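Engineer: can you look at this prediction? I've put the sequence above it.
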Amino acid sequence: MKTSAYLYVVTDGNVSKIGVTEQALEKRISAYKTHNPNAHLFANYQFASIEQARRIEVIVRRRFASQQVAAGKEWFSVSPAQLAAYALEQFNPASQHYVTNSALIQSSQPTPQFLALQDELAALQRVAPIASNSPTTTDAKRRDRITAIKNECKVLFGSHFHIGAPEQQIVLEKLTAYRDHPAPDMIALKGEKLLGSDLARACVMQPSKLRFPAQDHECYFWQLHPLASGVSVPFVHTAIVMPYVEHLARDELAALADESKRFARAIGWTFVDHSEWSWYAPGSTALFAYQMQTGAHRIQKEFSTSLRRFVIEQYAALDTRHCDLNEFEKVLSDLAADRTFPYWIRTYEELIDTYLGPIWGRSLDDDDDTARAYLTLFEEWQVWREAKAQSEPR
């Protein structure tokens with residue numbers, strides 16, 4: 001059985017294709033460009049064997065068979081992100097059948113455009129530091145240009161690795177009041193992994209205190225949970241930190257990377273050192289990238305049928321109907337804002353067994369206002385789900 005096979009996604013901007021190869025990827029993509037000059041690599045994943053890569057390819061092809069383009073039926077009229085996201089959903093992390101699980105984990109050197117921005121930024125920063133209240137026109141222009149370069153670097157980095165949008169690209173008017181900042185990946189930690197990680201449980205109890213090792217000059221890349229009203233709940237799927245490391249010895253830097261990997265693993269995230277892309281102070285700062293182990297598409301899919309989404313969308317109506325029930329408004333408020341609430345929960349018993357019990361110490365035997373509020377909420381959700389199922393075309 002041959003080793004080191006690749007599953008890849010290519011696109012020409014209009015249609016997309018998924019394939020497998022045992023060749024060098026550069027050679028395979030060059031072959032595509034012979035017939036389609038616009039074709040370029042979107043994502044690739046390395047497997048231990050061609051059989052393992054082909055298994056995923058077949059599943060993805062079947063899933064999007066109805067959207068195959070007529071000519072040759074090898075290309076699909078779907079976005080490359082859709083193909084890549086569905087492929088990622090088929091991976092089984094426990095089996096170690098794949099080496100990488102995200103475009104972010106691929107080793108990739110900065111593009112010429114990005115390198116030019118880094119060079120310009122370094123040149124501007126070599127001049128004497130600018131006081132934040134400096135009144136001179138020259139200093140103000142240099143300060144504005146430094147800010148503009150950093151913002152452009154954020155956009156280019158996010159686009160290159162397909163990790164979402166930095167905050168300046170999000171239309172605030174299209175968002176809810178909820179902002180899901182970094183929190184443990186509850187899907188990746190489902191079951192014993194959550195119970196066995198003191199750090200993860202502590203971050204679930206106080207997610208606002210989650211801080212990555214050496215966190216400094218952080219930048220978040222956001223994905224969106226769309227709601228029926230047209231607005232969205234943004235959530236951080238990738239976090240970048242850029243600490244100064246020029247004073248660290250090689251062994252100290254290696255120790256920091258090891259600490260970062262352990263931290264990421266404990267909360268269900270991954271860690272990658274992409275210091276060659278650092279844009280805060282090129283040459284002086286590192287770039288440590290943290291990303292949830294669960295793909296953004298999978299998280300969005302889980303959220304779309306979750307109790308949390310129901311509560312956010314039906315908040316006002318629920319609160320009005322049960323305003324006389326003690327603790328009900330508090331349960332609504334807490335759940336709507338809970339960025340670690342498990343999206344797979346379907347019953348109150350499951351909520352106690354996997355979340356409220358292990359984390360908050362609640363029990364099915366509890367007979368208090370909070371328990372009655374949750375039970376009422378689950379009853380409302382069940383009625384709503386049944387009505388929605390009946391209204392949908394069969």
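Structural biologist: On my side now, so go ahead.
Engineer: for the stretch 251-394 of the chain, what spans make up the helices?
Structural biologist: Along the stretch 251-394 of the chain, counting by DSSP state H, counting those that start in this stretch, helices occupy 296-304, 307-321, 328-337, 348-351, 357-360, 369-391.
Engineer: of these, which is nearest residue 274?
Structural biologist: helix 296-304 (18.4 Å; CB to CB). For the C-beta atoms, the positions are set from N, CA and C on the backbone; glycine is no exception.
Engineer: give me the neighbour count for residue 283.
Structural biologist: Residue 283 has 12 neighbouring residues, counting by other CB atoms under 10 Å.
Engineer: for it, which residues are in contact?
Structural biologist: When contacts are counted by CB atoms under 8 Å, 6 or more residues apart in numbering, residue 283 touches 122, 246.
Engineer: could you measure from it over to residue 14?
Structural biologist: Between residue 283 and residue 14 the distance is 40 Å, computed by CB to CB, to the nearest Å.
Engineer: before we move on, what about residue 259?
Structural biologist: Using CB to CB, one gets 45 Å for the distance from residue 259 to residue 14.
Engineer: ok, back up a step: export the helices of the stretch 251-394 of the chain to CSV and tack on distance to residue 43, mean neighbour count and mean pLDDT?
Structural biologist: As requested, the helices of the stretch 251-394 of the chain are arranged in CSV below (distance: least, CB to CB, whole Å; neighbours: other CB atoms under 10 Å; pLDDT from 0 to 100):
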stretch, distance to residue 43, mean neighbour count, mean pLDDT
helix 296-304, 12, 18, 88
helix 307-321, 28, 17, 95
helix 328-337, 33, 17, 95
helix 348-351, 34, 16, 95
helix 357-360, 35, 14, 90
helix 369-391, 34, 14, 92
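Engineer: run a quick neighbour tally on the residue lying closest to residue 232 once chain neighbours are set aside.
Structural biologist: Leaving out its chain neighbours, the residue that sits closest to residue 232 by CB to CB, 6 or more residues apart in numbering is residue 224, at 4.0 Å. Around residue 224 sit 17 other residues, with neighbours defined as other CB under 10 Å.
Engineer: packing partners of whichever strand or helix holds residue 224?
Structural biologist: Following DSSP states H and E, one finds residue 224 within strand 219-226. If contacts are counted by 3 or more CB pairs under 8 Å, 6 or more residues apart in numbering; DSSP states H and E, strand 219-226 sits against strand 165-166, strand 232-241, helix 296-304.
Engineer: what's the mean pLDDT across the shortest one?
Structural biologist: This means strand 165-166. On average, the pLDDT along strand 165-166 is 87.
Engineer: name the helices or strands packed onto it?
Structural biologist: Other elements packing on strand 165-166 under the criterion 3+ CB pairs under 8 Å, 6+ apart are helix 137-161, strand 219-226.
Engineer: the residue nearest to residue 186 when sequence neighbours are not counted: what's it in contact with?
Structural biologist: What sits nearest to residue 186 in space, not counting adjacent residues and going by CB to CB, 6+ apart, is residue 342, at 5.1 Å. For residue 342, the set of contacting residues under the criterion of CB under 8 Å, 6+ apart consists of 186, 190, 351, 354, 355.
Engineer: pLDDT check: weakest of the residues you listed?
Structural biologist: Of all those, the one the model is least sure of by pLDDT is residue 190, with 81.
Engineer: that residue should be in a strand, yeah?
Structural biologist: No. Looking at residue 190 with DSSP: H, G, I helix; E, B strand; the rest coil, it is coil, so not inside a strand.
Engineer: for it, what are its contacts?
Structural biologist: Residues 342, 344, 354 are the ones in contact with residue 190 under the rule CB under 8 Å, 6+ apart.
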